[in-house]
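[1] Got a predicted structure plus its sequence, pasted below:
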Amino acid sequence: MHNPDGRRLKDKTALITGASRGIGLAIARSFASQGANIVLSAFNEAGLKKAKGELDVYDVDVAYLATDLSQPKAIDELFSFTIERHPQLDVLVNNAGIHIAKSFTEHSMEEFDRLMRINLYSVFQLTQLAITHMQQLGRGKVVNVASVAGLRGSLNSAAYNTSKHAVVGLTRCVALENAKNGINVNAICPGVVETDLIKGVEQRMQLAGMTPEEFRDRIVAQIPIGRMLQPKEIANIAVFLASSESDGMSGESITI
C-alpha cells in the first residue's frame, strides 16, 4: 500500500548504525526523503551532528546517539534511547562496520575480536533487541549491510570476510525463524563502494608505493560494470527492503 503523498516510508521509524557518513548517511538521507523518522548512530558525535543538520530539511524527526558498538552496554542504551523516542521501531539498518587489511598470519586476536564485536556481535545484539520488539508489533524490517566479501574470499581480509559471511548466515536464520511473524530480514551485499573506507585503503596502498590512480585502476578492472558503486545506489535497495514493496521477500542477500 502506497501513501497518498507518495513517500514510501511515511510515518515509519528507522534506526541506522554507522550513519554519520558513507553508505549509512546515504541510507538515512533516502529514508528521510521518503518520510521516515530516523535515529542515527555512529562512533563520531561531530559527524552525527552534521548528518542531523543535513537531514533536518526533510521535515521528519531526526535524533542521534554516539555509540561504541563494540560495547554491549552501549548497544542496550542505543536501543532504549530509540524506543523512548519512538515507541514503535519499524526498521533496523545494521550498517556499521570496520575493515582491517592484513594477511591472515599477521592478524592479532585483539584485532579479530574488535572487528567481530563491531561487524557481527553488534548486529546479533541489535537485531535480537529489534526482533523481540517487532514480534510484539507483528511486523518489522531488518536490513543488514553485508558485502560481496560475505559471499566469497578475498586477499588480506580474513577477519572482515568472516564477519560478513556470518552476517549473511545470521540474516538467513533470523529470517526463517520470523517468516510467520510479519518480519522481513534481508541483507545487501555491495561490491566496491566509493566511501571513506576505500579512501583509507587507498592511503595505505600509497604508503606501500602504489599511486591512487594505480589503486583505482586495479579495483575498477575487477568490476564488470567498470566503475565503483555510489552510496546512493545501496540506499535505493535499502529503501525497497524497508518498504512494503518487499513484504514477500525475506532471508535474501542482494548483490549489487
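    Here it is on my side, so go on.
[2] Could you pull up the residues touching the closest residue to residue 153 other than its chain neighbours?
    Beyond its immediate neighbours in the sequence, the residue positioned closest to residue 153 (C-beta to C-beta, 6 or more residues apart in numbering) is residue 161, lying 6.3 Å away. The C-beta positions use only the backbone N, C-alpha and C, and glycine is treated the same way. Residue 161 is in contact with 149-150, 152-154, counting by C-beta atoms under 8 Å, 6 or more residues apart in numbering.
[3] Output these in TSV; the columns should cover neighbour count.
    Below are those laid out as TSV (neighbours: other C-beta atoms under 10 Å):
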residue	neighbour count
149	22
150	23
152	11
153	9
154	12
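[4] before we move on, the earlier item: okay, buried residues for the helix or strand that contains the residue nearest to residue 153 please.
    Here residue 161, judged by DSSP states H and E, is contained in helix 158-177. Neighbour counts over helix 158-177 (16 or more other C-beta atoms under 10 Å) mark 158-168, 170-172, 174-175 as buried.
[5] Give me the pLDDT for residue 3.
    For residue 3, the pLDDT comes out at 64.
[6] For stretch 229-245, give me every contacting residue.
    Residues from elsewhere that reach stretch 229-245, judged by C-beta under 8 Å, 6+ apart: 1, 8-9, 12, 14, 22-23, 25-27, 29-31, 34, 36, 90-91, 93, 141, 143, 145, 184, 186, 188, 190-195, 246, 249, 254, 256.
[7] of those, buried ones?
    Among the contacts of stretch 229-245, the ones that count as buried by 16+ other C-beta under 10 Å are 8-9, 12, 14, 22-23, 25-27, 29-31, 34, 36, 90-91, 93, 141, 143, 145, 184, 186, 188, 190-193, 195, 246, 254.
[8] Filter those down to the ones in strands?
    If you go by DSSP state E, the buried ones among the contacts of stretch 229-245 have 14, 91, 93, 141, 143, 145, 184, 186, 188, 254 in strands.
[9] The fourth one touches residue 127, doesn't it?
    No - the pair residue 141 and residue 127 does not pass the contact test of C-beta atoms under 8 Å, sitting 11.4 Å apart.
[10] which residues touch residue 178?
    If a contact means C-beta under 8 Å, 6+ apart, then residue 178 has 131, 134-135, 185, 250 as its contacts.
[11] What of residue 44?
    Here residue 44 is in contact with 20, 66 (C-beta under 8 Å, 6+ apart).
[12] Per-residue pLDDT of it, please?
    The model's pLDDT for residue 44 equals 95.
[13] Would you check how far apart it and residue 226 are?
    Taking C-beta to C-beta, to the nearest Å as the measure, residue 44 falls 33 Å from residue 226.
[14] Would you mind measuring from the residue most central in space within the chain to residue 181?
    By C-alpha atoms, centre = their mean, the chain has its centre lying nearest to residue 95, at 1.6 Å. Using C-beta to C-beta, residue 95 is found at 23 Å from residue 181.
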